[in-house]
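Chemist: Okay, predicted coordinates and the sequence, questions at the end:
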Amino acid sequence: MISHYKRLVLRLCFADTDIAEVVTPDFVSRGRAFSGPDVQVVGLVGEGTTVVLRVVLWGREQVQYFEGRDARLASRVCIDRCLAGQEVEGGATMRWWSGRRSH
């Protein structure tokens, strides 16, 4: 089932037409998603019904988190790398994890 959700994510990422068969009727997307033919996929991982996609568009990076339900995508949250360390909606602070530990 994980590979099914990964395929749906890629279809949505590169879609330029109707996406109704890929998403649930109550699909929720937060943030502006990088998508279209110019997007470069640099990472795609899944666990259960969760898929994380890392993309680059025109030199900017973005991570998109997806949750699936009923064999379709139910939600997406997009986080731009340019938001790292900046306050966003609701007063939360987004941090871009670089994989390095600091002491």
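Modeler: Good, I have the coordinates. Numbers count the residues shown, from 1 in each chain.
Chemist: C-alpha from now on. contacts and neighbour counts both.
Modeler: OK.
Chemist: Can you name every helix or strand that the helix or strand of the chain with the lowest mean pLDDT contacts?
Modeler: When each helix and strand of the chain is scored by mean pLDDT, DSSP states H and E, helix 2-13 comes last, with a mean of 90. Judged by 3 or more CA pairs under 8 Å, 6 or more residues apart in numbering; DSSP states H and E, helix 2-13 is in contact with strand 40-47, strand 50-57, strand 72-80.
Chemist: Run the chain-centre distance for the last one.
Modeler: Meaning strand 72-80. Using CA atoms, centre = their mean, to the nearest Å, the mean C-alpha position of strand 72-80 is found 5 Å from that of the whole chain.
Chemist: tell me the angle of it relative to strand 50-57?
Modeler: 50 degrees (axes from the mean of the first three to the mean of the last three CA atoms, to 10 degrees).
Chemist: what's the average pLDDT for strand 72-80?
Modeler: Across strand 72-80, the average pLDDT comes to 94.
Chemist: ok, now the second one?
Modeler: Mean per-residue pLDDT for strand 50-57: 94.
Chemist: what's in contact with it?
Modeler: 2, 5-6, 9, 34, 38-46, 61-68 (CA atoms under 8 Å, 6 or more residues apart in numbering).
Chemist: need the contact list for the spatially most central residue of the chain.
Modeler: Nearest to the mean C-alpha position of the chain, by CA atoms, centre = their mean, lies Q64 at 1.5 Å. Residues in contact with Q64 (CA under 8 Å, 6+ apart) are 33, 52-54, 76-79.
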